[in-house]
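*Asks:* model the structure of this input:
(2 chains)
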Amino acid sequence: EAQVTQNPRYLITVTGKKLTVTCSQNMNHEYMSWYRQDPGLGLRQIYYSMNVEVTDKGDVPEGYKVSRKEKRNFPLILESPSPNQTSLYFCASTSGFNTGELFFGEGSRLTVL
Amino acid sequence: GNSVTQMEGPVTLSEEAFLTINCTYTATGYPSLFWYVQYPGEGLQLLLKATKADDKGSNKGFEATYRKETTSFHLEKGSVQVSDSAVYFCALTTIMIYNQGGKLIFGQGTELSVKP
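*Replies:* Here you go, the predicted structure:
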């Protein structure tokens, strides 16, 4: 079954405690990205990757890091989380053929106290 | 710039009512337009799309027509069901935007609640 898997689904943490949200896809997609979803703002792209070892900033990259060492995995790293990073995070993947069909994970709800 | 504006929710309807969710956009270039749906506790999934002016996208009884003259892509369904309760997102992309890791520009989302 084609899927994008994120973990953890829910996390409560404290300011400054480093955390990683993992993302894995089994569709051999080149493109992967992270979005955050906030009320009234829709989804905004944080970082994206065009392929292994190719990553770049999206619209709201401050406070986040990513890596793409393998094609299937694209973890999101919060080195020093702050309360304004409390949000719902989605990983998405797609092929590079401009179909516009993104495949989303189920989301990771993060609360930073 | 590129942006998508949706009507504000939440929208509450009775079962079998007619649904319209308004979506307008601004874009440089020639965008493709999409509606995504997010059911409770799930990620977004593509509902329908249209890639050029006057195209009509349709799926599961939902329809939307790409109107270049009014820069709109309104979502409609003739008879909603309780199972249609979800958040609906309008989105666009262009070749330049999509080359940023498959990026889409999303509207703010419209929550639909259908009562029996």
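*Asks:* in chain A, what residue lies closest to chain B?
*Replies:* Of all residues in chain A, the one sitting closest to chain B is residue A:48 (2.5 Å; CB to the nearest CB). Using the backbone N, CA and C atoms, a C-beta is placed for each residue, glycine as well.
*Asks:* that residue should be in a strand, yeah?
*Replies:* Yes. The assignment for residue A:48, made by DSSP: H, G, I helix; E, B strand; the rest coil, places it in a strand.
*Asks:* pretty sure it is touching residue B:102, no?
*Replies:* Yes. Residue A:48 sits in contact with residue B:102 when judged by CB atoms under 8 Å, with a separation of 7.3 Å.
*Asks:* count of neighbours near residue 100?
*Replies:* Picked chain A for this. One way to gauge burial is a neighbour count; for residue A:100, by other CB atoms under 10 Å in any protein chain shown, it gives 21.
*Asks:* please refer instead to chain B.
*Replies:* Using other CB under 10 Å, residue B:100 has 18 neighbouring residues.
*Asks:* right, and it touches residue A:59 too?
*Replies:* No. Judged on CB under 8 Å, residue B:100 makes no contact with residue A:59 at a distance of 9.3 Å.
*Asks:* what is in contact with the two at once?
*Replies:* residue A:45 (CB atoms under 8 Å, 6 or more residues apart in numbering or on different chains).
*Asks:* check the secondary structure at the one residue in chain B that gets nearest to chain A for me.
*Replies:* For chain B, the residue closest to chain A is residue B:101, as judged by CB to the nearest CB, at 2.5 Å. Using three-state DSSP, the three-state assignment for residue B:101 comes out as coil.
*Asks:* I'd say it and residue A:54 touch.
*Replies:* No. Distance between residue B:101 and residue A:54: 9.1 Å, which falls outside the contact criterion (CB under 8 Å).
*Asks:* between these two, which one's more packed in?
*Replies:* Using other CB under 10 Å, the more surrounded residue of residue B:101 and residue A:54 is residue B:101, with 27 against 12.
*Asks:* count of neighbours near the residue nearest to that one when sequence neighbours are not counted?
*Replies:* Leaving out its chain neighbours, the residue that sits closest to residue B:101 by CB to CB, 6 or more residues apart in numbering or on different chains is residue A:48, at 2.5 Å. By the criterion of other CB under 10 Å, residue A:48 has 25 neighbours.
*Asks:* and the gap between residue A:100 and residue B:105?
*Replies:* When distances are taken as CB to CB, to the nearest Å, residue A:100 and residue B:105 turn out to be 11 Å apart.
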